[in-house]
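J.: got a predicted structure plus its sequence, pasted below:
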Amino acid sequence: MLCDVCGKNEATIHTIQYINGTTSEQHLCPDCAAKLQSEFGMLGKISNNDFIKNFFTVKHSAEKRCPNCGYSFEDFKKSGFLGCPDCYQAFRQEILPMLRRVHGHTKHIGSVPEKADERAKARHEIEELKRRLAEAISEENFEEAAKLRDQINAKKEVSENGTLA
């Protein structure tokens, strides 16, 4: 994404301002962000090394903590790391909008990494076959569904034995 000000450089700083119920977003390159900061004092402290901290412009209660580990949302903003798996649920309302802005969605829809082991690849293929099977069943295409079922069973057998054909 290009900088909203110069339109030339890659935007690495993203600001969101909420004023009287109105939201405005700006996507800036480091040079334009520094220029706006020095001229107008608009952006607060900008640091490329502290992305998570500067990413959130909405103030959240410092009291909000994970019930399992006691980690606070402020701790997450400072470090970029959550304290435990329960933190994902505890801070869900704060994390989901960030994921939507950064990735465009909140569910992983990517493929298996190239370096993934063969079993992981087989599991991914099985999931894709299951999705296609459900689609074939909903369309009442039972011949295709039977073929997909057989492919799933074959993949499961190979995956469980640890050897791939």
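T.: Yep, it's here. Because the structure is predicted, anything quoted here is derived from the model rather than measured.
J.: let me see the ranges of the strands in this protein.
T.: Using DSSP state E, the strands of the chain run over 13-19, 22-28.
J.: what lines up beside the last one in the sheet?
T.: Counting by DSSP bridges, the strands paired with strand 22-28 are strand 13-19 (antiparallel).
J.: let me see the mean pLDDT of the strand it pairs with.
T.: Taken as a whole, strand 13-19 has an average pLDDT of 70.
J.: the strands of the chain into JSON lines, with extra columns for distance to residue 67 and mean neighbour count?
T.: For every residue, glycine as well, the C-beta is placed using N, CA and C. Below are the strands of the chain laid out as JSON lines (distance: least, Cβ to Cβ, whole Å; neighbours: other Cβ atoms under 10 Å):
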{"stretch": "strand 13-19", "distance to residue 67": "28", "mean neighbour count": "15"}
{"stretch": "strand 22-28", "distance to residue 67": "30", "mean neighbour count": "13"}
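J.: below-threshold pLDDT in this protein: ranges please.
T.: 17-22, 37-63, 108-116, 158-165 (pLDDT under 70).
J.: tell me which residues in stretch 92-101 are buried?
T.: For stretch 92-101, a neighbour-count test (16 or more other Cβ atoms under 10 Å) marks residue 95 as buried.
J.: sorry, slip of the keys, the one I care about is stretch 138-158.
T.: Within stretch 138-158, the residues that count as buried by 16+ other Cβ under 10 Å are 145, 148-149, 152, 155, 158.
J.: so what's residue 6 up against?
T.: Contact analysis of residue 6 by Cβ atoms under 8 Å, 6 or more residues apart in numbering lists 29, 31-32.
J.: residue 155 contacts residue 126, doesn't it?
T.: Yes. With contact defined as Cβ atoms under 8 Å, residue 155 reaches residue 126; the gap is 5.0 Å.
J.: if we can go back for a sec, nearest to residue 81, of the strands of the chain?
T.: Evaluated with Cβ to Cβ, the strands of the chain place strand 13-19 nearest to residue 81, the distance being 20.1 Å.
J.: how about the helices in the chain?
T.: 30-40, 51-55, 73-79, 86-90, 92-103, 118-138, 142-161 (DSSP state H).
J.: ok, which of those comes nearest residue 11?
T.: It's helix 30-40; of those, that one is closest to residue 11 (Cβ to Cβ) at 8.6 Å.
J.: any idea how far residue 136 is from residue 123?
T.: Between residue 123 and residue 136 the distance is 20 Å, computed by Cβ to Cβ, to the nearest Å.
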